[in-house]
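Student: pasting a predicted model and its sequence here:
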Amino acid sequence: MKILVCVSNVPDTTTKISFSPDNTQFNTAGVQYIINPYDELALTKALELNEAAGGGTVTAIHVGLADAEPNLRKALAVGADDAVRIDMMPVDGFQVAAEIAAYAKDKGFDLILCGRESIDYNSGIVPGMLAEFLDWPEANVITSIGISGNTAKIERDIDGGRESMELQMPFVASCQKEITEPRIPNMRGIMMARTKPLLVLAPQGSEAPAKVASYALPPAKAGCKFLDVNEVEKLVELLHTEAKVI
Amino acid sequence: MSVLVFAENNSGQFKKAALEAVSYAAAIASTMQTNTIALVLGTMTDEVASQLGKYGAEKVIKLNDASLDVMEGHAYAKAIAAVATAEGSKVIVLANTYTGKAVAPRLAVKLSAGLAAGVVELPKMEGGFEVKRTVFSNKGFASLQLTSEVKVLSLTPNSYKLVESGAIATVENRSAAIEANDFKAKVLEVKKVTGKIPLTEAELVVSAGRGMKAAENWHLVEKLAGELGAATACSKPVSDMHWRPHDEHVGQTGITIKPNLYIAIGISGAIQHLAGVSGSKVIVAINTDKEAPFFKIADYGIVGDAFEVLPRLSAAVAKFKAAN
């Protein structure tokens, strides 16, 4: 199969978040960037699907600036055959989806795999928008996938349960935890990644209907009220009368 | 002009997240001095549909088509977009549930609309349109400016208080503007967990971590959750060790929740875990280590052993429930 995997470049999960003094920019000083953990699952699953099918290619695509290239090289080291970077700083998910769709529409991909959301902006909107731009089926938050011929069977999380679905290729799917364990690059992979193709393309100039006007940190907590192990009844009372949550 | 709200239902009944979306849409419509129209997909009685009037809808449009009883993103988005266009809706509201997450992105593309996913407050509409949503997995907020003519907003569950009145909405049944081939994916089987409160919709959550020492000790956590009527959750190490299913894992790479009450037992409070739960209104931390980071964001804390505190707390809750 010919599979496209969308890769986002996100701050490491241990990052302490801060913003510029005027609250209009995310403060990137000292921040380590990683491949979005859900996208790592998508990449690993793509490789596994092709291994099971006995062949195929995996292309990793990223919409962003050159500082994301170390993570695209990492995707190549994990096993992607080639990588594409659309050279622009996207303003919202709509624009990211439009750019990826413009790239993918005439390339003959059988499948596009994404993470279920990025852990920085958490919108989870790129996979659905991409499917709509391409007029393809989509399955979001999938926890398993099996492909036979042109048909895929997936399982996905739904509100209060799980459902199984059948889709015809080509389609878009967004990966949830449980689908696989992320693959870590080995030395051979890292060596090979150095010479694999990383194509940089100019953007199509698609519009962004949304943009961040300002950021804010959550309000500080007033402080913790400590109670003794023997005061559980008092805790229940406080939750009722003071916090008013039970 | 109008504000359209897609009120999702589960086997003919509305979920709380859908009712919150209706109240939220009605507040926006009131500021815009226009009407609130609720849209229902799938089979439902007029009587149940008219109840959306209570939460602020003036009119309910019902596409009473059995093919829409099961959610399929493409068909749903097409049906909703057709109604939004016919009603001249400038703002479309959905709940940010798994259904909303599947439908809203497609809908936004169909309508060339900006989408703010996971909003937590009413928009500011003087001289523009700005709406607040969480970013960095609850470690921050972003005010998103939407510049498109049509705007789509998906509301995080438990973020907006229900506003109830005695009003009844008029119900209009219409046929859906969809065909069989709009169902691009075929749903084979739906397995709903019964007798358990879905974590994403729970108002009260009891969560535990490695401090519980082994999977077989979870009956103590379940006992407290049972007494409270709460959902159960866990930390990442616990789901990684398969003590609990992955769909109970809350945190940056699990699910993000904002219940009214989050009780954390034997969870130290790694930054990734705190990110997923810091939006909770009230946090209770129970931990043997008084330096545990969880106490820094908790409202109430008990320094103590889970095996000692849990049975006592369950008994105290049972006593309270019996008295109230």
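Tutor: Cool, got the structure. Values in this document were obtained by computation on a predicted structure and should not be read as measured data. Numbering: from 1, shown residues only, chains lettered A, B, ... in the order given.

Student: quick one, longest strand in chain A?
Tutor: strand A:138-148 (DSSP state E).

Student: all the helices of the chain, residue numbers only.
Tutor: Since you didn't name a chain, this refers to chain A. Along chain A, the segments classed as helices by DSSP state H run A:37-53, A:69-78, A:93-104, A:126-134, A:187-193, A:232-241.

Student: sorry, I should have been clearer: chain B.
Tutor: B:16-32, B:46-50, B:73-86, B:98-110, B:219-228, B:236-240, B:271-277, B:294-297, B:306-323.

Student: nearest residue to B:Lys62 in space, please, no chain neighbours.
Tutor: B:Val40 (4.6 Å; CB to CB, 6 or more residues apart in numbering or on different chains). Quick note: C-beta positions are derived from backbone N, CA and C, even for glycine.

Student: now do A:Leu43
Tutor: A:Val5 (4.9 Å).

Student: what residue is smack in the middle of chain A?
Tutor: A:Gly115 (3.4 Å; CA atoms, centre = their mean).

Student: list the beta-bridge partners for that residue.
Tutor: A:Cys175 (DSSP bridges).

Student: what about it, distance to B:Thr45?
Tutor: 40 Å (CB to CB, to the nearest Å).

Student: try B:Val93
Tutor: 23 Å.

Student: of the two, which one has the most company?
Tutor: Between B:Val93 and B:Thr45, counted using other CB atoms under 10 Å in any protein chain shown, B:Val93 has the larger neighbour count: 31 against 12.

Student: so that one makes contact with B:Ser2?
Tutor: No: judged on CB atoms under 8 Å, B:Val93 makes no contact with B:Ser2 at a distance of 11.3 Å.

Student: list the contacts of the residue in chain A positioned nearest to chain B.
Tutor: The minimum distance from chain A to chain B, using CB to the nearest CB, falls at A:Gly128 (2.9 Å). A:Gly128 makes contact with A:Glu138, A:Asn140, A:Val172, A:Ser174, B:Gly73, B:Lys101, B:Ala102, B:Val103, B:Ala104, B:Pro105, B:Arg106 under the criterion CB atoms under 8 Å, 6 or more residues apart in numbering or on different chains.

Student: pLDDT score assigned to residue 150?
Tutor: Picking chain A for this. Note for A:Asn150: predicted pLDDT of 95.

Student: nope, chain B
Tutor: 98.

Student: for it, phi and psi?
Tutor: Per-residue torsions, B:Val150: phi -100, psi 140 (degrees, to the nearest 10).

Student: and the residue nearest to it when sequence neighbours are not counted, how close does it get to B:Asp299?
Tutor: Nearest non-adjacent residue to B:Val150, counting by CB to CB, 6+ apart: B:Ala113, 4.1 Å away. Look at B:Ala113 and B:Asp299: by CB to CB, they are 39 Å apart.

Student: those two: who's more crowded?
Tutor: Legend: neighbour count by other CB under 10 Å for B:Ala113 and B:Asp299, higher for B:Ala113 (26 against 22).

Student: contact partners for the closest residue to chain A within chain B?
Tutor: Going by CB to the nearest CB, chain A is nearest to B:Pro105 of chain B, at 2.9 Å. Going by CB under 8 Å, 6+ apart, B:Pro105 touches A:Gly93, A:Ala97, A:Gly124, A:Ile125, A:Val126, A:Pro127, A:Gly128, A:Met129, A:Ala131, A:Glu132, B:Leu115, B:Ala117.

Student: burial count for the fourth one?
Tutor: Number of residues near A:Ile125 (other CB under 10 Å) recorded here: 30.

Student: repeat for B:Thr34
Tutor: For B:Thr34, using other CB under 10 Å, the count is 17.

Student: same question, B:Phe14
Tutor: So B:Phe14, with other CB under 10 Å, has 21 neighbours.
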